[in-house]
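Undergrad: below is the sequence, then the predicted model.
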Amino acid sequence: MAREIAPDYFDPLATDPEQARDVARWRGAERNRLRAARDRMSVASRKDVSVSLAKQLQRLLINRFNGGRGKVLSVYWPIKGEPDLRPLMAELHDEGVTIALPLVEVKAAPLAFRRWTPDTRMVRGDWNIPVPPPDAEPMTPDITLAPLVGWDPAGFRLGYGGGYFDRTLAALAPRPVSIGVGFHTARLQTIYPQPHDIPLDFILTDAGVQVERQERP
């Protein structure tokens, strides 16, 4: 199994089928472990993390992106114990940031994005996740947030395993600035990156910026 081998052993560009299966099994186990730990958090603890993460995100936007004004920022609707950034979404909207939410329009294809405002009447999308309605304005994000199940110091994200976010980053041109957001406690030594994995530009947790890549494609 991948977790039984030193991280240096793995070539990130390797395509060996057996290795890929080992990594997939390891990721599945880590995904379950991290989600279980998240589920065990109290409501108060999860709220504290959400408040801290929102402050850290606002600070990052101010320091690097003029607060996000004039930009399209893709956020997310929280599910499965993810940090809840909805209060910040409304605040940023009031400050002149255009907010978009991602959704699945076609299975196994890049995500689409629709504009969100505090007055948007949400509808149920895939997996019963609330999304803006079909008549909402389609958007292309300048900055996109990616919720993290896990993360590593190289800037790679462990997600839910569907590959939607990597597929979306690969398809968008120009590629938006990508910011992984999640719990500081979800840090992994490595996710054993595979050829399809795309490192994020920033990893941001409730403890602040953990990764900032200096070079982007």
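TA: On my side now, so go ahead.
Undergrad: can you list contacts of the least confident helix or strand in the chain by mean pLDDT?
TA: Least confident helix or strand of the chain, by mean pLDDT, DSSP states H and E, is helix 164-171 with a mean of 91. For helix 164-171, contacts defined as Cβ atoms under 8 Å, 6 or more residues apart in numbering pick out 102, 104, 108-111, 144, 146, 157, 159, 175-176, 178, 196-198. Where C-beta positions appear, they are placed from N, C-alpha and C, glycine not excepted.
Undergrad: among those, which ones are buried?
TA: Buried subset of the contacts of helix 164-171 (neighbour count, 16 or more other Cβ atoms under 10 Å): 102, 104, 110, 111, 144, 146, 157, 159, 176, 178, 197, 198.
Undergrad: tell me if the fifth one really is in a strand.
TA: So the one you mean is residue 144. Yes. When DSSP: H, G, I helix; E, B strand; the rest coil is applied, residue 144 is found to be in a strand.
Undergrad: distance check, it against residue 67.
TA: 17 Å (Cβ to Cβ, to the nearest Å).
Undergrad: the fourth one too?
TA: With the distance defined as Cβ to Cβ, residue 111 ends up 25 Å from residue 67.
Undergrad: same check on the last one?
TA: Here the distance between residue 198 and residue 67 works out to 26 Å (Cβ to Cβ).
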